[in-house]
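> Let me see the structure of the following:
(one chain, ligands or ions: 1)
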Amino acid sequence: MTSNDPTSSRDQTTSDSEAAARHRAARDLAGKAETHVGRADGCTPMTRILRRISRGRFGRSTWNPEFEDGLTAPWRDTPAYGRPGWRERAGYIGDEEVFAVDYTICARCGAGWVEMPYTYDGYTRCGLATAALSALRAGHPGLSWYTAGGHYRDAEAFWVAAGQGVSGGYRARQLCSHDLGL
Ligand SMILES: [Zn+2]
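Residues are numbered from 1 along each chain as shown. Predicted structure coming up:
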C-alpha cells in the first residue's frame, strides 16, 4: 500500500517541490553572479593606509568579521578567512551561504588563482560554480586563470569544462612569489 499511502505521497510531493524551489533559487542566484556583488574590504581606514604605504606588507591580518554583517547582496566578496591576500566570493540565498570559492590575483603575472569552489548540498548542478568563475573573470579582465592546488580526481571533469576557452584553462599552477592581493 505504500505507493497509495496519501501521507507518503504528500511528503514526497512536498520534498520534490522544495527541491525544485531550491533549484529555482540557485539558478536565479547564478544569474546574478556578475551584477549583484557586495564587497567588504575588511580593513579599517588606518590599516588600508598602512597597507598602501607599506605596499601590502602590513595591515593584512586585521580582518574584522563585523564588516561582513553589512553585506546583504546575494553575492558577497570578502577577505578569505585566515588566508592573507585571498578573497572569498560566496553566493547566498537569504542568509544561507550556498556556494563559495577562494581566489586571488597577481597583476604582475597577469594571473588569477581559484581554489576550493564548493556548492552546498541541495544546490549543486544549478550553475553556481560556473557563474561565479565567469563573474570573477569578468571582474578581472585580461588575466589567465589557474588552480592553486591539484585537482581532486572527481573534480577533473568540472575543471576541464570550466577551462574551455579560458586563458590558463584552470590548470594547476604554483602560486607566484609576488605580493598577492586585491
Ligand atoms: Zn606574480
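
> would Ala25 count as being in a helix?
Yes - Ala25 sits within a helix when classified using DSSP: H, G, I helix; E, B strand; the rest coil.

> quick thing: my sequence starts at 45, can you match it?
Sure, I'll start numbering at 45, so the last one becomes Ala69.

> In contact with it, which residues?
Ile137 (Cβ atoms under 8 Å, 6 or more residues apart in numbering). Where you see a C-beta, it was placed from the backbone N, CA and C, and this is true even at glycine.

> what's the pLDDT at it?
Looking at Ala69, its pLDDT is 97.

> again, but for Pro123
89.

> Let me see the backbone angles for it.
phi -60, psi 140 (degrees, to the nearest 10).

> Could you list everything it pairs with in the sheet?
On the basis of DSSP bridges, Pro123 is bridged to Arg131.

> Which parts of the helix or strand encompassing Thr58 count as buried, going by neighbours?
Assessed by DSSP states H and E, Thr58 sits inside helix 50-74. For helix 50-74, the neighbour count (16 or more other Cβ atoms under 10 Å) marks Arg66, Ala69, Ala70, Leu73, Ala74 as buried.

> would you turn the residues you listed into TSV with distance to the ion?
Below are the buried residues of helix 50-74 laid out as TSV (distance: Cβ to the ion, whole Å):
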residue	distance to the ion
Arg66	39
Ala69	38
Ala70	34
Leu73	32
Ala74	30
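
> Can you tell me which residues in this structure are near the ion?
Counting by Cβ under 5 Å from the ion, the chain comes close to the ion at Cys150, Arg152, Cys153, Cys220, His222.

> correct me, but the second one touches His222?
In this case it means Arg152. Yes - Arg152 is in contact with His222 according to Cβ atoms under 8 Å; the separation is 5.2 Å.

> quick one: the nearest residue to Val210 once chain neighbours are set aside from Gly126, how far?
Of all residues not flanking Val210 in the chain, Trp189 sits nearest, at 5.6 Å (Cβ to Cβ, 6 or more residues apart in numbering). Per Cβ to Cβ, to the nearest Å, Trp189 is found 23 Å from Gly126.

> try Val210
28 Å.

> Next: Gly193.
Taken as Cβ to Cβ, the span from Gly193 to Gly126 is 16 Å.

> Report the buried residues of the longest strand along the chain.
Determined from DSSP state E, the single longest strand within the chain is strand 140-150. Across strand 140-150, burial judged by 16+ other Cβ under 10 Å covers Val142, Phe143, Ala144, Val145, Asp146, Tyr147, Thr148, Ile149, Cys150.

> What's the mean pLDDT across that strand?
Throughout strand 140-150, pLDDT has a mean value of 95.

> Show me what it is packed against.
Counting contacts by 3 or more Cβ pairs under 8 Å, 6 or more residues apart in numbering; DSSP states H and E, strand 140-150 is packed against helix 50-74, strand 131-137, strand 155-163, helix 172-183.
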